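Asks: here is my input, please return the structure:
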Amino acid sequence: MRLFVVTSLLTIISLVLVYCTKDAVRTLPTVTSWQALPEMFTGYLTASNNNQIFYLMVKNDKPNAPVVVFLNGGPGCSSMVGAFLENGPFLLETTNLISNTESWHLEANMLYIDNPVGSGFSFNANPQPNYPSTTEQSASDLSEAIKLIFAADHFPELTNNPLYVFGESYGGRFAIALASSLAKYRKVAGVGIGNAWINPDVQQNAYGLQAYAMGLSNYKSYVDLRGLSEKCHQLINNGQYQEAEKSYCSPLINKVLAAGGDVNEYDFRTMGSYQSLKQLETFLSQKNVGDALSTKTNYVQCSQQTWQNFLPEFQSSYENELSKLLDGFNNTIKVLVYNGQYDIRCATMGTSDYLRNLKWSGSSGFNYADKQTFYDSQNQTLGTFKSHKNLQQVVIYNAGHMAPMDQRQSTRVLLSRFINSTNGLMCLPNDVKCLAAKNNCPNECSGHGKCVEGTCQCFIGYSQEDCSSYVNNILFGSSVSFSGYTFGRQMHTYQLHVGRGGIGSFDVTVKLTKKTNQGKLHLYLHGGDSYIYPNSSSRDALVGQFEYHNLEDVNEKVLVGREQRRNNATHITLVVYNTVDTDSNYGMTVITSVTGNKFNGLLVVSSIVLSVTGVVAVILFVYALVQYLLDREFLKSNYESPNLNVHYDHHD
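Replies: Now for the predicted structure:
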């Protein structure tokens, strides 16, 4: 028994010693001179559940250079794809590694991690392996791994260097989750998500129009694709993510590709799939490559088991987590969202759509920000960008889903400017015009404020970055007027407190007039003992929240909220929502009046009952008083008489 215990302990210790490792990479097959190798290390980091996480560290030669964690997607694909096909020091061409002069390690210490466990060279060391099935579980493993990376036996010298997390495709979710986890105990300088899978519902909704605009489909195919997209949306909206993926969403992307003659879903300029991915899988599966990288298991480029594990969440949205990252941690984390312009799967159009509707403190300013051109040092155009607060969106020209593979120089410049600028701008250091670009006041302050040096100074009662929200008291029985300007699909909210209680009811009449023919304005009203806040911009969601609504597309409309109870309907919430991508000016009048233009049965009956009750009460009171006085007089006259005879009749 004692021997068994000792043996077991030694086995556990050996696992820790074997898998918490740091091995220098001295040579790589097909690299002709070992001197050409930068300082590179591989190893394993042990996380919970005996998960063995493989990493590749490529060090920068500057002691204060940032650390960039790079994660590929899938979910279930190895980050060695990034290291050997996209932005590492050596890139595979057919069967040989060649030096990459635009390697990201020339800008930062690059840390590639195979995630989730089960992908690449990462594995679970339990006799019966148990692999992650959610983004949060993977982020937990990654967070533990990062702590170990900066431990004394690994890279303690990098502990205080700025830390960035980059993720590509589904890895964008991993990057957001990891950064949010790390930021709770250490500073995270920034997050980059490339061609990321964040809101599948919105991103897939763009497929049909995108294919039609690119010339991949005709009108008939476009209509068919829109039908599939709507069915995909309905199931996602109901939370039926697996059924949505299987029945409609996956067939949707397949039909887009088929309509274009079997184009590559990651770059519609090419046909079929990437041959380089197959070549990389063959290369990294070779024993001499595994030995050079000190690996402990066979290479799995994209794990089907991991894909199946993550299927329940694949069609879910990760927007809320992105919003929290932007607004959390005192807005100190810079966020870069970039796309190669020719991707279909995670296309620029879908990314722009979900960013436009993203709920965060800078949404209005971001949507109203001007687009600028992104140049290299030779004034060659690399793409476009827009920026507001701590969010920046970049489109990289002539690139697909794997932008660093297609445009090595552009993406290296992208990284360099993101990590070296205080605000993440893509401007050249000496580009005065770009650096001095004046921020526009978002949505022209909605017509509810003044623009002062790019910032809205809202009129009294108005708030939010674009002055789109109004809160104030109004007098009962009064008429108040408002005017506003909406830019695109913008929502204005009015919260009015009616300051008089009592019995009975009152009507709220809202008259809305468009001052131009542009825009399609929907009007919503709610009355109650508290305000409500729109939780979505979709028509169905707003109709569900607000009991009164007028959705007519007319220049003048009236909405009446009848018989609001005066004892509790003191909070009126109004929403004016422009549902199309044009601007619009409007005027609005709100009138509160006593309900009385029609017969109010309850009020009349109540009045009659009260009146009759009152009269009866008065009669009874007078009768009782008279009776009381008569009784007193009677008693007084009888008790004071000397001839009083009291006679009792007694019966046996």
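Asks: tell me the buried residues in the helix or strand where Gln308 lies?
Replies: Using DSSP states H and E, Gln308 maps to helix 304-314. Across helix 304-314, burial judged by 16 or more other CB atoms under 10 Å covers 306-307, 309-310, 313-314. Every residue, glycine included, has its C-beta placed from N, CA and C.
Asks: show me what the following helix or strand past it is packed up against.
Replies: Next in sequence after helix 304-314, counting helices and strands by DSSP H and E, comes helix 319-327. Using 3 or more CB pairs under 8 Å, 6 or more residues apart in numbering; DSSP states H and E, the elements in contact with helix 319-327 are helix 171-182, strand 334-340.
Asks: dump these into a markdown table; add mean neighbour count, distance to Asn237 and mean pLDDT as well.
Replies: Converted to a markdown table, these look like this (neighbours: other CB atoms under 10 Å; distance: least, CB to CB, whole Å; pLDDT from 0 to 100):
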| stretch | mean neighbour count | distance to Asn237 | mean pLDDT |
| --- | --- | --- | --- |
| helix 171-182 | 26 | 20 | 98 |
| strand 334-340 | 26 | 24 | 97 |
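Asks: just put the ones you listed in CSV and tack on distance to Leu56.
Replies: Below are the helices and strands packed on helix 319-327 laid out as CSV (distance: least, CB to CB, whole Å):
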stretch, distance to Leu56
helix 171-182, 15
strand 334-340, 22
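Asks: low-confidence stretches in this protein?
Replies: In the predicted model of the chain, residues 1-20, 33-35, 423-424, 436-438, 500-504, 566-569, 596-612, 623-652 satisfy pLDDT under 70.
Asks: and it, what are its domain boundaries?
Replies: Domain assignment for the chain by automatic domain parsing gives 18-199+273-435, 204-264, 445-594, 600-632.
Asks: which ones are touching the residue lying closest to Phe487 once chain neighbours are set aside?
Replies: Leaving aside its chain neighbours, Phe487 sits nearest to Asn443 (4.2 Å; criterion: CB to CB, 6 or more residues apart in numbering). By CB atoms under 8 Å, 6 or more residues apart in numbering, Asn443 lies in contact with 364, 367-368, 466, 468, 485-487, 490.
Asks: what's the farthest-apart pair in those?
Replies: Maximum pairwise distance among the contacts of Asn443 (CB to CB): 14.1 Å, between Asn367 and Tyr485.
Asks: the strand ranked longest in the chain: which residues count as buried?
Replies: Ordering each strand of the chain by length in residues (DSSP state E) puts strand 583-594 first. Neighbour counts over strand 583-594 (16+ other CB under 10 Å) mark 583-584, 586, 588, 590-592 as buried.
Asks: about what we covered before: just give me the closest of the buried residues of helix 304-314 to Glu321.
Replies: Nearest member of these to Glu321, counting by CB to CB, is Glu313, at 11.9 Å.
Asks: isn't the closest one up against Tyr241?
Replies: Yes: using CB atoms under 8 Å, Glu313 is in contact with Tyr241, at 6.7 Å.
Asks: shared neighbours of these two, anything?
Replies: In contact with both Glu313 and Tyr241: no residue, using CB under 8 Å, 6+ apart.
Asks: secondary structure element holding Pro38?
Replies: Applying DSSP H and E, one finds Pro38 in no helix or strand.
Asks: next, count neighbours for it.
Replies: 17 (other CB atoms under 10 Å).
Asks: for the one 10 residues further on, same thing?
Replies: When neighbours are counted by other CB under 10 Å, Ser48 registers 9.
Asks: contacts only, for it.
Replies: 140-141, 144.
Asks: next one: the most centrally placed residue in the chain from Ser363, what distance?
Replies: The residue lying closest to the centre of the chain (CA atoms, centre = their mean) is Glu319, at 1.9 Å. For Glu319, the distance to Ser363 equals 11 Å [CB to CB, to the nearest Å].
Asks: please apply the same query to Asp583.
Replies: Counting by CB to CB, the gap from Asp583 to Ser363 is 17 Å.
Asks: buried stuff in stretch 528-547?
Replies: Here stretch 528-547 shows 532, 534, 542, 545-546 as buried, counting by 16+ other CB under 10 Å.
Asks: quick one on the thing from earlier: give me the buried subset of the contacts of Asn443.
Replies: Buried among those by 16+ other CB under 10 Å: 364, 367-368, 466, 468, 485-487, 490.
Asks: tell me the one of these nearest Ser79?
Replies: Asn367 (33.1 Å).
Asks: contact partners for Phe310?
Replies: Residues in contact with Phe310 (CB under 8 Å, 6+ apart) are 74-76, 116, 133-135, 170.
Asks: can we see that at 7 Å?
Replies: Taking CB atoms under 7 Å, 6 or more residues apart in numbering, we find Phe310 in contact with 75, 133.
Asks: one more: Asn124?
Replies: Counting by CB under 7 Å, 6+ apart, Asn124 has contacts 49-52, 117, 130-131.
Asks: from these, list the buried ones, please.
Replies: Counted by 16+ other CB under 10 Å, those give 49-52, 117, 131 as buried.
Asks: returning to what we had before: so which of the contacts of Ser48 wins on neighbours?
Replies: Asp141 (23 neighbours).
Asks: for that one, which non-adjacent residue is closest in space?
Replies: Asp141 sits nearest to Ala47 (CB to CB, 6+ apart), 4.2 Å away.
Asks: what's the burial count for that neighbour?
Replies: Residues lying near Ala47 (other CB under 10 Å) number 22.
Asks: pretty sure Val413 belongs to a helix, no?
Replies: Yes: per DSSP: H, G, I helix; E, B strand; the rest coil, Val413 lies within a helix segment.
Asks: ramachandran angles for the nearest residue to it once chain neighbours are set aside?
Replies: Leaving aside its sequence neighbours, Val413 sits nearest to Asp376 (CB to CB, 6+ apart; 5.7 Å). Asp376 adopts backbone torsions of phi -90, psi -180, taken as degrees, to the nearest 10.
Asks: please report how far Asp376 lies from Glu157.
Replies: 32 Å.
Asks: hey, where'd the strands end up in the stretch 51-200 of the chain?
Replies: 51-58, 67-71, 90-93, 96-99, 109-113, 123-124, 163-168, 190-194 (DSSP state E, counting those that start in this stretch).
Asks: and the fourth one, what does it pack against?
Replies: Here strand 96-99 touches strand 90-93, going by 3 or more CB pairs under 7 Å, 6 or more residues apart in numbering; DSSP states H and E.
Asks: who does Phe487 bridge with?
Replies: Asp583 (DSSP bridges).
Asks: list the contacts for it?
Replies: Residues in contact with Phe487 (CB under 7 Å, 6+ apart) are 368, 443-444, 583.
Asks: all set, thanks.
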